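# Turn this into a model:
(one chain, ligands or ions: 1)
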Amino acid sequence: MDKGSTSHETQRFGSFGSFFRRCILSILSIAPIPNHIAFIMDGNRRYCKKKNLMEGAGHRVGFSALMAMLRYCYELGVKCVTVYAFSIDNFKRRPEEVQSLMELMQEKIEGLIKEESIVNHYGIRVYFIGNLKLMSKPVRLAAEKAMVATASNSRAVLSICIAYTSTDEIVHAVQESCQEKWDEIRELNASGAGYGLIELDGNRREQGEHYIGVADVEKHMYMAVAPDPDIIIRASGETRLSNFLLWQSSYCLLYSPFVLWPEIGFQHLVWAVLEFQRNYFYLKEKKKS
Ligand SMILES: CC(C)=CCC/C(C)=C/CC/C(C)=C/COP(=O)(O)OP(=O)(O)O
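Got it, this is the predicted structure:
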């Protein structure tokens with residue numbers, strides 16, 4: 001078991017933690033459980049200031065909070081968890097801060113695939129989502145290694161968004177869709193079938209009609225590895241999405257507890273899930289209409 005998660009939990013619940021948690025999780029399981037929860041881990045630097053810690057310590061405690069949260073989610077039966085770990089905009093921070101985050105990330109990603117890690121304990125397949133070539137080489141290599149090492153895990157999914165923004169994801173998916181269509185057209189023309197833009201998919205189209213549909217773009221999204229999230233939990237009370245899962249969050253519940261990410265706990269997950277359950281049938285109807 002990940003040491004970080006154990007200490008985080010012990011601080012919160014003491015020795016009754018595990019039993020108490022299991023009771024609550026069983027009660028919650030009576031109603032529908034969200035399939036996919038996404039987290040915006042906001043407030044790590046503010047935590048550092050609040051506790052007078054050295055710069056960077058907040059992100060370390062934040063990682064422990066994440067490990068504990070993953071455990072609660074997977075014990076509850078949530079199949080997919082997504083976390084916003086590093087946005088493309090975060091590259092604008094001071095070089096020392098970016099460097100320190102890269103080092104932390106490399107260390108923690110390497111830790112994720114160790115035998116005793118939470119990932120192996122729960123059979124989690126890990127995906128790194130985003131424009132990975134923007135990350136430092138050691139982080140990119142660690143991320144690729146973790147994806148390969150966990151590729152046969154099938155009980156749950158963890159998507160870690162790094163060098164990610166939604167707008168970048170959408171632009172990338174549109175570009176890929178255009179490229180795919182263009183390749184199809186070229187192939188058809190080369191085969192001598194005499195097709196062109198107008199008759200690519202067998203239907204005649206008027207000029208100005210579009211060839212790229214929602215499904216084409218969706219298929220090329222980085223986040224195509226998971227269904228749309230049911231809940232986004234953003235720590236620190238902020239209600240902005242900050243360029244996170246914009247395409248995927250139309251029918252998703254946004255829950256923003258007034259707590260800094262390193263201080264987030266089991267109780268915040270419980271409230272978010274209760275809120276989801278309270279809105280379950282309403283949201284289901286909304287998705288249909
Ligand atoms: C491998 C892995 C998943 C590592 C994750 C490590 C981790 C907790 C990263 C969080 C990074 C980040 C920029 C959080 C936002 O808080 P902030 O720094 O913007 O703090 P603030 O909101 O107080 O300014």
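# Neighbours of the residue lying closest to residue 252 once chain neighbours are set aside, how many?
Nearest non-adjacent residue to residue 252, counting by Cβ to Cβ, 6 or more residues apart in numbering: residue 229, 4.9 Å away. (Each C-beta comes from the backbone N, C-alpha and C, glycine too.) Taking other Cβ atoms under 10 Å as the criterion, the count of residues near residue 229 is 26.
# give the contact list for residue 229.
Applying Cβ atoms under 8 Å, 6 or more residues apart in numbering, we find residue 229 in contact with 36-38, 80, 82, 245, 248-249, 252.
# cutoff 10 Å now
The contact partners of residue 229, taken as Cβ atoms under 10 Å, 6 or more residues apart in numbering, are 34-39, 80-82, 159, 223, 244-245, 248-249, 251-254.
# are any of these buried, and which?
The neighbour-count test (16 or more other Cβ atoms under 10 Å) marks 34, 36-39, 80-82, 159, 223, 244-245, 248-249, 252-254 as buried among the contacts of residue 229.
# Now narrow the residues you listed to whatever sits close to the ligand.
By Cβ under 6 Å from any ligand atom, no member of the buried ones among the contacts of residue 229 lies near the ligand.
# hmm, back to that, so the residue nearest to residue 252 is in which element?
In this structure, residue 229 sits in neither a helix nor a strand according to DSSP states H and E.
# same check, this time on residue 108
helix 95-112.
# roughly how far out does that helix sit from the chain middle?
With Cα atoms, centre = their mean, to the nearest Å as the basis, helix 95-112 stands 18 Å off its chain's centre.
# Following it in sequence, what is the next regular element?
In the C-terminal direction, the helix or strand that comes right after helix 95-112 (DSSP H and E) is helix 118-121.
# Can that following helix be said to contact the ligand?
No: Helix 118-121 is not in contact with the ligand by Cβ under 6 Å from any ligand atom; minimum separation 10.8 Å.
# Leaving out chain neighbours, which residue sits closest to the residue in the stretch 101-250 of the chain that the ligand sits nearest to?
Among the residues of the stretch 101-250 of the chain, residue 108 lies closest to the ligand, at 3.9 Å counting by Cβ to the nearest ligand atom. Counting by Cβ to Cβ, 6+ apart, residue 63 is the residue found nearest to residue 108 once chain neighbours are left out, at 5.4 Å.
# what are the C-alpha coordinates of the helix or strand hosting that neighbour, in PDB please?
Secondary-structure assignment from DSSP H and E places residue 63 in helix 57-76. Listed in PDB are the C-alpha atoms of helix 57-76, where the atom choice follows Å, rounded to 0.1, in the frame of the first residue of the first chain:
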ATOM      1  CA  ALA A  57       6.100  20.600   0.000                       C
ATOM      2  CA  GLY A  58       2.500  21.300  -0.800                       C
ATOM      3  CA  HIS A  59       2.600  19.300  -4.000                       C
ATOM      4  CA  ARG A  60       4.100  16.400  -2.100                       C
ATOM      5  CA  VAL A  61       1.300  16.400   0.400                       C
ATOM      6  CA  GLY A  62      -1.100  16.900  -2.500                       C
ATOM      7  CA  PHE A  63       0.200  13.700  -4.000                       C
ATOM      8  CA  SER A  64      -0.500  11.800  -0.800                       C
ATOM      9  CA  ALA A  65      -4.000  13.300  -0.700                       C
ATOM     10  CA  LEU A  66      -4.400  12.000  -4.300                       C
ATOM     11  CA  MET A  67      -3.300   8.500  -3.400                       C
ATOM     12  CA  ALA A  68      -5.800   8.400  -0.500                       C
ATOM     13  CA  MET A  69      -8.600   9.800  -2.700                       C
ATOM     14  CA  LEU A  70      -7.900   7.100  -5.400                       C
ATOM     15  CA  ARG A  71      -8.200   4.500  -2.700                       C
ATOM     16  CA  TYR A  72     -11.600   5.800  -1.600                       C
ATOM     17  CA  CYS A  73     -12.800   6.000  -5.200                       C
ATOM     18  CA  TYR A  74     -11.800   2.600  -6.200                       C
ATOM     19  CA  GLU A  75     -13.100   1.000  -3.000                       C
ATOM     20  CA  LEU A  76     -16.400   2.700  -3.700                       C
END
